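Colleague: Got a predicted model here, sequence first, then my questions.
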Amino acid sequence: MNINLKQILIGTILTISFTAMADNATTLRRQYDVTPIGDLGGGNTVPMGINNQRVVVGYSHIADSTAHAFMYREGQMIDLQSAIAGNLGNGASEAIDINEQGDIAGTLSLGAGRLSYLLTANGQVNYQPLDEHTWGASVNEQGQMVGYSDYEAFVYDSKDGSISYPFDDYRRLTGKTVRANRINESGTIAGFCGQRACFYRNQHVTDLGELLDLKGGSEVIALTRVPLLTDADNSDMRDDTVYVGWQQPAQFADTQMFIYGEKLSNKPLIFSVFGGNILPLNANRTGVIVGWTRKYADIGVNSSHGFFVDLADYKSDEEMPLQVQNINDYVSENNPWYIISCEAVNDFGVIVAQGHLKADPSKRAALLLEPKWNK
């Protein structure tokens, strides 16, 4: 496998201030209905993935505070612990991602060890114990799961049961830890190579931190595509993948979000929050990115909020700069919930989030946000 550390020359990084957020939700057509999805008896639920059938996965505490993987479907919370753990023991589990077939990737903790697993739609479970600490991170529509251990990234193919290590040449050459966070339908893998953002595509590892001149530590968290491409755009041989991640320009500095795609812009779009952090968590296949941000100066329960970015709104830096939107500006004023983090989004723009009651911030819940469009 060839290692490509420098592909093209990138111009000056464009920094877009977070203060460019839209403030007046009354002028916006998009609005979300908010529904809490419940819990498994322990009062705390964290959603982590959603597919186009609106099936949500994540983890929820049971009465004794142990975390169990769950699936929320058609208004019902389903405890997946027994399906995942089988005869291995009681432990704790998390469901992290789900594809359109219903295959679920996640992690099972047993004592001091941790196994990644793929629970297929037909109920079969496959474990990938590279060592005592592995993490199942993502599954694509081909049933390929990516994950990582303390030092190595892997791909497990449920079709033939094979396991491969796409970043292995890079790791052996550099001696650096690698991580795989996301895999898409074309087999592109987003990740982290020795403190810098990277991706694997067409049997090549590209150091995105060097390619884009990202500062300090960085990581690719999610993959999406440039939306609304014309026939002329599609005839362009450049890849339409968009890479979404974070960078931390210096130790103890605030984190920033970067968005980069060859067909999106000739330079990465960098988003920062003055006096705070911004962290993307997930993206769908139609150009919508979701995440979380916090301003340290905003002391109190509302110092954090969920956000979304829609690449369909982006034309150019001059014509229509891309904006980060506070999700709370897009829900009804009568909605009782304040949204603190947007965790995942499906291709129809349905978001799973975490929030708390405005009247009682101690009461938190996992929320399903379904978009509607006002005329």
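Modeller: Yep, that arrived.
Colleague: so the residue most central in space within the chain bridges to which residues?
Modeller: Closest residue to the average C-alpha location of the chain: Asn282 at 2.3 Å, with C-alpha atoms, centre = their mean. Counting by DSSP bridges, Asn282 is bridged to Val290.
Colleague: Now name the helix or strand holding Ala359.
Modeller: Secondary structure assignment for Ala359, by DSSP states H and E: no helix or strand.
Colleague: can you count the residues close to it?
Modeller: 9 (other C-beta atoms under 10 Å). The C-beta positions use only the backbone N, C-alpha and C, and glycine is treated the same way.
Colleague: Settle this for me: the residue nearest to the centre of the chain is touching Val288, isn't it.
Modeller: No - in this structure, Asn282 is not within contact of Val288 by C-beta atoms under 8 Å, at 9.2 Å.
Colleague: Give me the common contacts of these two.
Modeller: Counting by C-beta atoms under 8 Å, 6 or more residues apart in numbering, the shared contacts of Asn282 and Val288 are Val345.
Colleague: give me every residue that touches the residue nearest to the centre of the chain.
Modeller: Asn282 neighbours (C-beta under 8 Å, 6+ apart): 49, 221-222, 289-291, 342-345.
Colleague: make it 6 Å
Modeller: Listed by C-beta atoms under 6 Å, 6 or more residues apart in numbering, the contact partners of Asn282 are 222, 290, 344-345.
Colleague: Could you check how far it is from Ala344?
Modeller: Remark: distance between Asn282 and Ala344 (C-beta to C-beta, to the nearest Å) = 4 Å.
Colleague: next one: Arg196
Modeller: 25 Å.
Colleague: which of the two has more neighbours?
Modeller: More crowded of Arg196 and Ala344, by other C-beta under 10 Å: Ala344, with 25 against 21.
Colleague: Low-confidence ranges, the protein, go.
Modeller: 1-29, 129-132, 229-237, 297-301, 317-319, 374-375 (pLDDT under 70).
Colleague: Show me how far the longest helix along it is from its chain's centre.
Modeller: Identified as the longest helix of the chain according to DSSP state H is helix 168-174. Offset of helix 168-174 from its chain centre (C-alpha atoms, centre = their mean, to the nearest Å): 25 Å.
Colleague: next structured bit after it?
Modeller: By DSSP H and E, the next helix or strand past helix 168-174 is strand 178-183.
Colleague: next helix or strand past that next one?
Modeller: strand 189-193.
Colleague: got the CA positions of whatever helix or strand comes next after that following strand in PDB?
Modeller: Of the helices and strands lying after strand 189-193 in sequence (DSSP H and E), the nearest is strand 196-201. Taking Å, rounded to 0.1, in the frame of the first residue of the first chain, the C-alpha atoms of strand 196-201 are listed here in PDB:
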ATOM      1  CA  ARG A 196      -3.400  14.000  12.700                       C
ATOM      2  CA  ALA A 197      -6.500  13.600  10.600                       C
ATOM      3  CA  CYS A 198      -6.200  11.000   7.800                       C
ATOM      4  CA  PHE A 199      -8.300   8.800   5.500                       C
ATOM      5  CA  TYR A 200      -7.900   5.600   3.600                       C
ATOM      6  CA  ARG A 201      -9.100   5.400   0.000                       C
END
